[in-house]
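Participant: Would you be able to build a 3D model of this:
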Amino acid sequence: MTEKIKEQILSIRDSGVTNMFDINRVQYEANERKFYELVIFLEDHKAEYVHFIMTGEFKK
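Facilitator: Numbering: from 1, shown residues only. Sure thing, here's the model as predicted:
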C-alpha cells in the first residue's frame, strides 16, 4: 500500500459516506472521486485493506 492509497482510503472514511467494510461501495466511491489507484488496489489486496481498516497499520 502506498501513501497515496492510504490518503485515498482516509479521505473516503472521513467523508462518512459509507461503511468502510462495504468494499464494493468503497470501490464505487473511489471511482467517483477518480481514486483509480485505490480502485485497482481493492481488486487485488482486499486482505491488506481490511487489515488497515481494522488496525491502522499498513506496509509501505
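
Participant: Helices along the chain, start to end?
Facilitator: 3-15, 23-32, 36-44, 46-55 (DSSP state H).

Participant: Give the other helices and strands that the first one contacts.
Facilitator: Okay, so that is helix 3-15. Applying 3 or more CB pairs under 8 Å, 6 or more residues apart in numbering; DSSP states H and E, we find helix 3-15 packed against helix 23-32, helix 36-44, helix 46-55. Yep, even glycine has a C-beta here, placed from its N, CA and C like the rest.

Participant: which residues sit against that helix?
Facilitator: Residues from elsewhere that reach helix 3-15 (CB atoms under 8 Å, 6 or more residues apart in numbering): 18, 20, 26, 29-30, 33, 35, 37-38, 41, 49, 52-53, 58, 60.

Participant: Just the buried ones from those residues?
Facilitator: 18, 20, 26, 29-30, 35, 38, 41, 49, 52 (16 or more other CB atoms under 10 Å).

Participant: Mean pLDDT added to the helices of the chain, as a markdown table?
Facilitator: Output for the helices of the chain, formatted as a markdown table (pLDDT from 0 to 100):
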| stretch | mean pLDDT |
| --- | --- |
| helix 3-15 | 97 |
| helix 23-32 | 98 |
| helix 36-44 | 97 |
| helix 46-55 | 95 |
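
Participant: Please report how far the most centrally placed residue in the chain lies from residue 20.
Facilitator: Nearest to the geometric centre of the chain sits residue 9, at 3.7 Å (CA atoms, centre = their mean). For residue 9, the distance to residue 20 equals 8 Å [CB to CB, to the nearest Å].

Participant: Perfect, I'm done here.
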